[in-house]
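*Asks:* Pasting the sequence and the predicted coordinates here, then a few questions.
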Number of protein chains: 2
Amino acid sequence: MLLITNMKDDKITLGHGSGAALTRSLIHDVFVERFGLKQLDDAACIDNKLTFTTDAYVINPLFFPGGDIGKLSVTGTVNDLCMSGSEPMYVAASFIIEEGFSIEQLKVIADSMQKAAIEAGVKIIAGDTKVVERGKCDGIFITTTGIGILNDSPPLKAENIKVGDKIVVNGSLGDHTVAIINVRQNLGLNPPPESDCAPLNEIIKILLKTKKLVFARDATRGGVATILNEIYTDSGLGIIIDETSVPVKESTSALCGLLGLDPLYMANEGKFVAVVSDLDDNSLQKLQAHKYGNAASVIGIVTNEVQGVYLRTAIGSLRPLPMLASDPLPRIC
Amino acid sequence: MLLITNMKDDKITLGHGSGAALTRSLIHDVFVERFGLKQLDDAACIDNKLTFTTDAYVINPLFFPGGDIGKLSVTGTVNDLCMSGSEPMYVAASFIIEEGFSIEQLKVIADSMQKAAIEAGVKIIAGDTKVVERGKCDGIFITTTGIGILNDSPPLKAENIKVGDKIVVNGSLGDHTVAIINVRQNLGLNPPPESDCAPLNEIIKILLKTKKLVFARDATRGGVATILNEIYTDSGLGIIIDETSVPVKESTSALCGLLGLDPLYMANEGKFVAVVSDLDDNSLQKLQAHKYGNAASVIGIVTNEVQGVYLRTAIGSLRPLPMLASDPLPRIC
């Protein structure tokens, strides 16, 4: 397990793209001051009316059980928008394509994008296509950028989190990473595990409607533990996760045991981490009745008893869940 | 000179990224119907209030006289926004970086972006960073996405163009392509020609204020002739360009003669093609007094005397300026 290290190295490494601490350092070091960025939320907020977010998708492989780069590029941006409490509305898509790429595959990818857009209720309204020489990219990279509308409420912010708030996830962790590892490493798991790639804008409304939702993020690169560490950094409040409450599929647990991976640090593409001031049984049941929430659970609590993020293990001990410097699996999204 | 060909080939070619007819065919064939796109303007229009545009920048080399990929990525998106008649406001930037890329160079690029953003009066407010393995991209690709605000007027549209309207450009054509060719081919021209890379949102206001501006585009990939052919396709009206009025630097003319290139088809990064119902001398002088308009000229007229786009040559003959299938120079932006 790599802990955060000093970023004296002057070359970009794969770790800088992992979404973990090295990415955060790079963004702080290169972009935050130069661009005068005030926040590092999933989506920027414009005049408390619009949200605006962009993401590049470089996933390898392009096609995987449960999705493809097209679906991912739309749901990922939809999720960034709705996690701020906004309604995702419009998407722009920019394609960088390698010479020799199959036009039929491009059509399959575009179909997936449109299908995901319809499910999420967003419109793809702008685009761009560039082609680079063979060997100068890897098939296709897609950048999507989204605009969301903030209705009544101000954007969800980590600074509103308080001691006693609960941590909720909407289902089993690590499914996306497991699906990708199985394909990429030819593990031949049968049935092949599926990515959880899905738009979260409908299910998050269940929590928005309770008026008890304080903060939310989709737990992609770096997984739930990275989000929790960001919450700790931004709010200054400790978090304790109850290991026995964390939903993980048996097949994921088994693979993690074999490969030395931790589901709390693995990427999801259809899972949120929500901080709520309260969650009544009725709302939890509504989450669990939703197709993207069947294993929804309260997994932890915000506390001032610890500094940092900790896991209370099955035997009752407290184990730290630090920010990792890097994710061991590049190009997971 | 390649004329438009049937796109039966099922692989992506460099021509599909040229911005000329093959790009248009690909976009129509793959994206327009799937995404339900209604327009192929530089920027999409949302509720007659906002404009929204995205562009990937894959230029090679990354640094060139007059600019770099950072400056280009901001000015290009600013120009797409202002050509619809909107005020560019916000930019999101997504970075795909090759493992091993210099962090110092990344800082230089980010500095260029911020400098360009300040000049153009836009804010870079959202971003994303992905890293791919060595050899899986070419240094760095940047996608920028912009939001503009439409103030009083509806967006400029080709359907409002009428017979008798005049075609205006704000300066010498082909400067960006010449700058890139000189560096890429090691031509060693001295002094090295500079790209015209610049934000056009201030100079276009001179025309917007006259209330006679009907349509505008920035003449990037495919050059002025490609824009004129798009205008012909979208408006159904012919265009005749007067060769003796087309501003081209002597050094560009000389290089084009040697290499068999045509400035009318070469990429610019700081030149617009505007269609105006009229242009009084005072406004033309204002254009020419602007730092990005010193060679501004009326170069042609909209007419129903021809079908298509034609050049009236210096000796008085009419030569067709067809839509090219492809631009011979890939990765110009």
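*Replies:* Looks like it arrived, so ask away. Numbers count the residues shown, from 1 in each chain, chains lettered A, B, ... in the order given.

*Asks:* Need the nearest residue in space to the closest residue to chain B within the stretch 51-200 of chain A, chain neighbours excluded.
*Replies:* Of all residues in the stretch 51-200 of chain A, A:Val131 sits closest to chain B, at 2.8 Å by Cβ to the nearest Cβ. C-betas here are computed from N, CA, C, even on glycine. Nearest non-adjacent residue to A:Val131, counting by Cβ to Cβ, 6 or more residues apart in numbering or on different chains: B:Gly17, 2.8 Å away.

*Asks:* The residue of the stretch 51-200 of chain A closest to chain B is in contact with B:Ala20, isn't it?
*Replies:* No: between A:Val131 and B:Ala20 there is no contact under Cβ atoms under 8 Å: 11.9 Å.

*Asks:* Partner strands of whichever helix or strand A:Ile147 is part of, with direction?
*Replies:* Here A:Ile147 is covered by strand A:140-149, with elements defined by DSSP states H and E. Within its sheet, and counting by DSSP bridges, strand A:140-149 is paired with strand A:50-57 (antiparallel), strand A:87-98 (antiparallel).

*Asks:* near chain B, which residues of the stretch 101-250 of chain A?
*Replies:* Proximity of the stretch 101-250 of chain A to chain B (Cβ under 8 Å from any Cβ of the partner chain) is limited to residues A:101-104, A:106-107, A:110-111, A:113-114, A:117, A:123-133, A:135-138, A:141, A:143, A:145, A:147.

*Asks:* among the residues you listed, which ones are buried?
*Replies:* Among those, the ones that count as buried by 16 or more other Cβ atoms under 10 Å in any protein chain shown are A:101, A:103, A:106-107, A:110, A:113-114, A:117, A:123-133, A:136-138, A:141, A:143, A:145, A:147.

*Asks:* So the residue nearest to A:Ser112 when sequence neighbours are not counted: helix, strand or coil?
*Replies:* Leaving out its chain neighbours, the residue that sits closest to A:Ser112 by Cβ to Cβ, 6+ apart is A:Gly70, at 3.5 Å. At A:Gly70, secondary structure determined by DSSP: H, G, I helix; E, B strand; the rest coil is helix.

*Asks:* average model confidence for the one helix or strand the residue of the stretch 51-200 of chain A closest to chain B maps to?
*Replies:* Using DSSP H and E, A:Val131 maps to strand A:123-132. The pLDDT scores in strand A:123-132 average 96.

*Asks:* Can you tell me the element the closest residue in space to A:Lys157 that isn't next to it in sequence falls in?
*Replies:* Spatial nearest neighbour of A:Lys157, excluding adjacent residues (Cβ to Cβ, 6+ apart): A:Phe215 at 6.7 Å. Using DSSP H and E, the element containing A:Phe215 is strand A:213-218.

*Asks:* Contacts only, for the most centrally placed residue in chain A.
*Replies:* For chain A, A:Thr220 is the residue whose C-alpha lies nearest the centre (Cα atoms, centre = their mean; 2.4 Å). For A:Thr220, the contact set (Cβ atoms under 8 Å, 6 or more residues apart in numbering or on different chains) comprises A:Gly19, A:Gly76, A:Asn79, A:His176, A:Ala267, A:Asn268, A:Glu269, A:Ile332, A:Cys333.

*Asks:* Spit out the contact partners of the fifth one.
*Replies:* With contacts taken as Cβ under 8 Å, 6+ apart, A:Ala267 has the following neighbours: A:19, A:174, A:176-177, A:180, A:219-223, A:327, A:329, A:332-333.

*Asks:* Same check on the fourth one?
*Replies:* When contacts are counted by Cβ under 8 Å, 6+ apart, A:His176 is found next to A:Gly66, A:Ser195, A:Asp196, A:Cys197, A:Thr220, A:Met266, A:Ala267, A:Asn268, A:Glu269, A:Gly270, A:Ile332, A:Cys333.

*Asks:* what does the second one give?
*Replies:* Applying Cβ under 8 Å, 6+ apart, we find A:Gly76 in contact with A:Asp55, A:Tyr57, A:Thr144, A:Asp218, A:Thr220, A:Glu269, A:Cys333.

*Asks:* Let's see if you can find the most crowded of those.
*Replies:* Neighbour counts for the contacts of A:Gly76, by other Cβ atoms under 10 Å in any protein chain shown, peak at A:Thr144, which reaches 32 neighbours.

*Asks:* Tell me the secondary structure at the closest residue to chain B within the stretch 201-333 of chain A.
*Replies:* Of the stretch 201-333 of chain A, the residue with the smallest distance to chain B, taken as Cβ to the nearest Cβ, is A:Arg331 at 6.2 Å. Taken by three-state DSSP, the conformation at A:Arg331 corresponds to coil.

*Asks:* Using just helix, strand and coil, how would you label the closest residue in space to it that isn't next to it in sequence?
*Replies:* Once flanking residues are discounted, A:Arg331 sits nearest to A:Asn60: 4.5 Å by Cβ to Cβ, 6+ apart. Three-state assignment for A:Asn60 (three-state DSSP): coil.

*Asks:* Counting neighbours, what do you get for A:Pro192?
*Replies:* Neighbours of A:Pro192 under the rule other Cβ under 10 Å: 14.

*Asks:* Which pLDDT value does the model give the closest residue to it other than its chain neighbours?
*Replies:* Of all residues not flanking A:Pro192 in the chain, A:Pro65 sits nearest, at 4.6 Å (Cβ to Cβ, 6+ apart). pLDDT recorded at A:Pro65 is 98.

*Asks:* just to revisit the earlier point, quick one: average pLDDT of the strand holding A:Ile147?
*Replies:* Averaged over strand A:140-149, pLDDT sits at 98.

*Asks:* Kindly format the C-alpha coordinates of it as CSV.
*Replies:* Output of strand A:140-149 as CSV, limited to C-alpha atoms (Å, rounded to 0.1, in the frame of the first residue of the first chain):
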residue,chain,number,x,y,z
ILE,A,140,-10.6,6.2,-28.7
PHE,A,141,-10.7,8.7,-25.9
ILE,A,142,-13.9,10.6,-25.1
THR,A,143,-14.3,13.7,-23.1
THR,A,144,-17.8,14.6,-22.0
THR,A,145,-18.7,17.9,-20.4
GLY,A,146,-22.1,18.4,-18.7
ILE,A,147,-24.3,21.2,-17.6
GLY,A,148,-26.8,20.8,-14.8
ILE,A,149,-29.4,23.0,-13.4
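
*Asks:* Just want the angle from that strand to strand A:123-132.
*Replies:* 150 degrees (axes from the mean of the first three to the mean of the last three Cα atoms, to 10 degrees).

*Asks:* Give me the mean pLDDT for the longest helix along chain A.
*Replies:* Determined from DSSP state H, the single longest helix within chain A is helix A:103-120. Throughout helix A:103-120, pLDDT has a mean value of 98.

*Asks:* helices and strands around that helix, which ones?
*Replies:* Contacts defined by 3 or more Cβ pairs under 8 Å, 6 or more residues apart in numbering or on different chains; DSSP states H and E place helix A:103-120 against strand A:67-68, helix A:69-82, strand A:87-98, strand A:123-132, strand A:140-149, helix B:33-35.

*Asks:* again, only using 6 Å
*Replies:* Contacting helix A:103-120 under the criterion 3 or more Cβ pairs under 6 Å, 6 or more residues apart in numbering or on different chains; DSSP states H and E are the following elements: helix A:69-82, helix B:33-35.

*Asks:* now the angle from it to strand A:87-98?
*Replies:* In terms of direction (the same axes, to 10 degrees), helix A:103-120 departs from strand A:87-98 by 170 degrees.

*Asks:* contacts for helix A:103-120?
*Replies:* A:68, A:70-71, A:74-75, A:78, A:124, A:199, A:201, B:10, B:30-31, B:34-35 (Cβ atoms under 6 Å, 6 or more residues apart in numbering or on different chains).

*Asks:* which of the residues you listed are buried?
*Replies:* In the contacts of helix A:103-120, burial by neighbour count holds for A:68, A:70-71, A:74-75, A:78, A:124, A:199, A:201, B:30-31, B:34-35, counting by 16+ other Cβ under 10 Å.
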